[in-house]
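S.K.: Here's my sequence, what's the structure:
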Amino acid sequence: MADVDRILIVGGGIGGLSLATALHCQGYTPELVERSATWPAVGAGINLPANGVRVLRTLGLGEAVDRNAAVLRRWGFFDQQGELLCETDLEELWRDVGPCLAVTRVRLQEALLTGAAAVRHRLGVSLTTLTQDDKRVRVSFSDGRSGDYDLVVGADGIYSTVRELAVTSSSPSYAGPAVTQLCWADGLAEHHTDTPSRDSRNDGSLGRGMLLRGGPDGRGLYLWFWSCRREALRGPPCGTPRTLPTPLCRIRGAGSGVSRCPAV
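M.R.: Okay, here's the model as predicted:
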């Protein structure tokens, strides 16, 4: 990295903003572009394992995250009758690495934006061309600008423009029966207690081949998501709620929506 002066980060999500903050902390002056007109915060909530929390604290973002997060102390897995199958003590598992946390993606994004505030950025801008030789990477942008960089980082998600331009034009495709478990994006609902606890047990309710997980985020909200074995689906893995198992269709009507496509 000693000879790298100009760095372009493509994508302003969790990965892109974290990298921008880390590079800035090390004295580099990266530039960031994000295709969306506003900073993206896709999804309702996220569980941060202890190693991820340690990275955020190293970047100086620990206090900003802690203010809006709840500590996850245990994972619990239950059968369809609610009987405990097994439990993992997260504090014992991670020990001195740090706590595991639950936080809404909006609050996490706000913390990351604080860390990357000094990084030069442009919203509503995407890559249109990318050409690499032995000395540089030349890129063109959708706003008509162009530039030469020593390093271009693709942090622009599963449908990455950087990957398409630099590696392959093939789009990601569903892996088919080889995938044994699918996971739907989380939802967000009110946590109905007068004094929501900032300590959480990540509970699960398992139907036949299905798992529901959740935990309070420390702000009176309850985060939940679910996964199931592929054979529990009644049709293609992508599409309308009709493709979901019956218990999940019922849950969908009681809380936040289901993602259009499951995340493999």
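S.K.: if I look at residue 134, how far off is residue 7?
M.R.: Taking Cβ to Cβ, to the nearest Å as the measure, residue 134 falls 18 Å from residue 7. In this view, the C-beta of every residue, glycine as well, is placed from N, C-alpha and C.
S.K.: Looking at these two, which is more packed in?
M.R.: Of the pair residue 134 and residue 7, residue 7 is the one with more neighbours under other Cβ atoms under 10 Å, namely 20 against 4.
S.K.: Go ahead and confirm residue 31 touches residue 10.
M.R.: No: judged on Cβ atoms under 8 Å, residue 31 makes no contact with residue 10 at a distance of 9.8 Å.
S.K.: between the two, who's got more neighbours?
M.R.: Per other Cβ under 10 Å, whichever of residue 31 and residue 10 has more neighbours is residue 10, with 27 against 16.
S.K.: Which residues are in contact with each of residue 31 and residue 10?
M.R.: Overlap of the contact sets of residue 31 and residue 10 (by Cβ atoms under 8 Å, 6 or more residues apart in numbering) is empty.
S.K.: surely residue 97 meets residue 50?
M.R.: Yes: assessed by Cβ under 8 Å, residue 97 is found in contact with residue 50 at 4.2 Å.
S.K.: Neighbour count for those two, which is higher?
M.R.: Legend: neighbour count by other Cβ under 10 Å for residue 97 and residue 50, higher for residue 50 (19 against 13).
S.K.: which parts of stretch 111-129 are buried?
M.R.: The neighbour-count check on stretch 111-129 (16 or more other Cβ atoms under 10 Å) flags 111-113, 115-116, 119, 121, 125-127 as buried.
S.K.: With stretch 78-97 instead?
M.R.: 78, 90, 94.
S.K.: go on, stretch 99-112?
M.R.: 99-105, 107-112.
S.K.: In CSV, could you pull the C-alpha coordinates for it?
M.R.: C-alpha atoms of stretch 99-112 as CSV (Å, rounded to 0.1, in the frame of the first residue of the first chain):
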residue,chain,number,x,y,z
PRO,A,99,-19.8,-8.6,23.0
CYS,A,100,-22.2,-9.6,20.3
LEU,A,101,-24.7,-6.8,19.5
ALA,A,102,-28.0,-6.4,17.7
VAL,A,103,-28.7,-3.0,16.1
THR,A,104,-31.0,-1.7,13.3
ARG,A,105,-29.3,-1.2,10.0
VAL,A,106,-30.3,2.5,9.9
ARG,A,107,-28.4,3.1,13.2
LEU,A,108,-25.4,1.2,12.1
GLN,A,109,-25.3,3.2,8.8
GLU,A,110,-25.5,6.4,10.8
ALA,A,111,-22.5,5.3,12.9
LEU,A,112,-20.5,4.4,9.8
